[in-house]
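1. Fold the stuff below for me.
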Amino acid sequence: MTPNTTPPSQHQTTHSPGPPRGPAITVPAHPQWPVLEASEKAELIAHIRTLMAREKAVLVAHYYTDGDLQALAEDSGGLVADSLEMARFGTETSAETLIVCGVRFMGETAKILNPEKRVLMPSLAATCSLDEGCPADAFSAFCDAHPERQVVVYANTSAAVKARSDWVVTSSIALPIIKHLHAQGEKILWAPDKHLGHYVQRVTGADMLLWDGACVVHEEFKGFALERMRRLHPDAAVLVHPESPDEVVNQADVIGSTTQLIRAVVDRPEQEFIVATDAGIFWKMQQLAPGKKLIPAPTAGEGATCESCAHCPWMAMNALQNLAQVLERGDQDIQIPEDIRVRAVQPIQRMLEFARERGIGGSARSDN
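-> As a prediction, the model looks like this:
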């Protein structure tokens, strides 16, 4: 195996001395959903499908959600995808109601792009450490202090933060957009994920001022533990999401978005893969490449007891049970003030247009 050894750019990433990381984030415990018997699950899924038909609804699920939700989304004519494709799908479906199984910024993005549609989520409490760690007021002050920079924000942010940006990016399109801006001589103000920002800066050489934020899941992957696991599995390819720390990214054979990592499992010749991203992705990987062995990258630190617990507790708030409840009650709908929405839609549409013009995106399915 040849780890990625891309040398740092001659430009140095600029870490801001000013912006705080944001308020302290309380990470919730993973919800404990009752285990359903096969007959109970089948009955609940049939009930959900009936409710979806009644509400003229379509289900959109992220790769990090529970496999039952991903299967239901696909079987009912919805979508399982990364955040770029989730955003695109909502604008293309004729459904009157979008049910977004993921975290809140994904539901907000759907509503920003589709104000005429009702957007429901199984839990509005399903937020994101990156979103919570980048409050709109503090971020706006950061932008005001650097008016000469193009403001590029990761999709994992609130509608109010997106409304303050020039561009919104996802992990699958961040590199092409920053390369484009760098080629035009632009300096970048980036938020909120410092690890993804540093990776993008290193590859592109762009002048980037980074907000100090991180994903609680990806930041837990440990470089020294990954080295040990690589020795145990010398024939395995290492797949890493760029929200991970440098010492993990630098050992990767493939660095990419969720869709790009799934495609790597399908397309690469290796039969074993060490995967450094949320474990929810394994459902789709196993579906598309059932004969390959998937190994969770270790998250253990000194004194830790968990070797492979990489699963977002907010993503885990999505389940068949509360999906049924939200359809029965019709609540948990996303609301965004119109003045924020009309400003936030512009940088999102700019990203989608950039993707269309360059043919970026698409399904992780092997037949696309």
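2. Where do the helices of the stretch 1-150 of the chain begin and end?
-> For the stretch 1-150 of the chain, applying DSSP state H, counting those that start in this stretch gives helices covering 38-54, 67-75, 83-92, 104-113, 129-132, 136-144.
3. can I get those in TSV with mean pLDDT, distance to Q346 and mean neighbour count?
-> For the C-beta atoms, the positions are set from N, CA and C on the backbone; glycine is no exception. Output for these, formatted as TSV (pLDDT from 0 to 100; distance: least, C-beta to C-beta, whole Å; neighbours: other C-beta atoms under 10 Å):
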stretch	mean pLDDT	distance to Q346	mean neighbour count
helix 38-54	97	31	14
helix 67-75	98	29	19
helix 83-92	87	14	21
helix 104-113	96	10	26
helix 129-132	95	19	25
helix 136-144	95	15	16
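4. Please name whichever of the ones you listed is nearest to K222.
-> With respect to K222, and counting by C-beta to C-beta, the nearest of these is helix 129-132 at 17.6 Å.
5. got a list of what the residue nearest to P34 when sequence neighbours are not counted touches?
-> Of all residues not flanking P34 in the chain, Q321 sits nearest, at 7.3 Å (C-beta to C-beta, 6 or more residues apart in numbering). Applying C-beta atoms under 8 Å, 6 or more residues apart in numbering to Q321 gives the contacts W33, P34, L44.
6. correct me, but V27 touches A316?
-> No. Contact between V27 and A316 fails when scored by C-beta atoms under 8 Å: they sit 11.4 Å apart.
7. quick one: which of those two has more around it?
-> Neighbour totals were compared for V27 and A316, and A316 leads with 21 against 12 (other C-beta atoms under 10 Å).
8. now the residue lying closest to the more buried one once chain neighbours are set aside: how far from F282?
-> Among residues not flanking A316 along the chain, H30 sits closest, at 4.9 Å (C-beta to C-beta, 6+ apart). Here the criterion is C-beta to C-beta, to the nearest Å. By it, H30 lies 16 Å from F282.
9. what about R88, distance to T109?
-> 10 Å.
10. swap that for A160, sorry
-> Distance from A160 to T109, by C-beta to C-beta: 13 Å.
11. contacting residues for the closest residue in space to L124 that isn't next to it in sequence?
-> Leaving aside its sequence neighbours, L124 sits nearest to Q332 (C-beta to C-beta, 6+ apart; 5.3 Å). Q332 makes contacts with L120, M121, P122, S123, L124, V326, as judged by C-beta under 8 Å, 6+ apart.
12. dump the residue contacts of the third one.
-> P122 makes contact with I99, C101, M317, N318, A319, N322, L323, Q325, V326, Q332 under the criterion C-beta under 8 Å, 6+ apart.
13. Give me the buried entries from these.
-> Neighbour counting with 16 or more other C-beta atoms under 10 Å marks I99, C101, M317, N318, A319, N322, L323, V326, Q332 as buried within the contacts of P122.
14. I figured C134 hits P192, correct?
-> Yes. Look at C134 against P192 with C-beta under 8 Å: they come within range, at 3.8 Å.
15. what's the overlap in contacts for the two?
-> G22, V153, T157, V161, W211, G213.
16. where along the stretch 251-368 of the chain do the helices fall?
-> Going by DSSP H, counting those that start in this stretch, the stretch 251-368 of the chain shows helices at 258-267, 282-288, 320-329, 338-358.
17. With mean pLDDT and distance to H218 as added columns, please give those helices in JSON lines.
-> Output for the helices of the stretch 251-368 of the chain, formatted as JSON lines (pLDDT from 0 to 100; distance: least, C-beta to C-beta, whole Å):
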{"stretch": "helix 258-267", "mean pLDDT": "97", "distance to H218": "12"}
{"stretch": "helix 282-288", "mean pLDDT": "97", "distance to H218": "16"}
{"stretch": "helix 320-329", "mean pLDDT": "96", "distance to H218": "25"}
{"stretch": "helix 338-358", "mean pLDDT": "95", "distance to H218": "21"}
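18. coming back round to it: just flag the most distant two among the buried ones among the contacts of P122.
-> Every pair of the buried ones among the contacts of P122 checked by C-beta to C-beta; the farthest is I99 and M317, at 14.0 Å.
19. Spatially nearest residue to I340, not counting backbone neighbours?
-> Counting by C-beta to C-beta, 6+ apart, I340 lies nearest to A163, which is 4.8 Å off, once chain neighbours are set aside.
20. Then D278?
-> Y64 (4.3 Å).
21. The one you found contacts M315, correct?
-> Yes. Look at Y64 against M315 with C-beta under 8 Å: they come within range, at 4.5 Å.
22. any shared contact partners between those two?
-> Common neighbours of Y64 and M315, counting by C-beta under 8 Å, 6+ apart, are G102, D278, G280.
23. circling back to that earlier point, looking at H30 and F282, which is more packed in?
-> For H30 versus F282, the count of surrounding residues by other C-beta under 10 Å is larger for F282: 20 against 14.
24. so where do the strands sit in the stretch 151-300 of the chain?
-> Along the stretch 151-300 of the chain, the stretches classed as strands by DSSP state E, counting those that start in this stretch are 167-169, 188-191, 208-210, 237-240, 254-255, 272-276, 293-296.
25. Distance to A95 and mean neighbour count added to those, as a markdown table?
-> Converted to a markdown table, the strands of the stretch 151-300 of the chain look like this (distance: least, C-beta to C-beta, whole Å; neighbours: other C-beta atoms under 10 Å):
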| stretch | distance to A95 | mean neighbour count |
| --- | --- | --- |
| strand 167-169 | 23 | 27 |
| strand 188-191 | 32 | 28 |
| strand 208-210 | 38 | 24 |
| strand 237-240 | 33 | 25 |
| strand 254-255 | 34 | 22 |
| strand 272-276 | 32 | 24 |
| strand 293-296 | 33 | 17 |
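26. With respect to R341, which of those lies nearest?
-> Of all the strands of the stretch 151-300 of the chain, it is strand 167-169 that lies closest to R341, at 13.3 Å by C-beta to C-beta.
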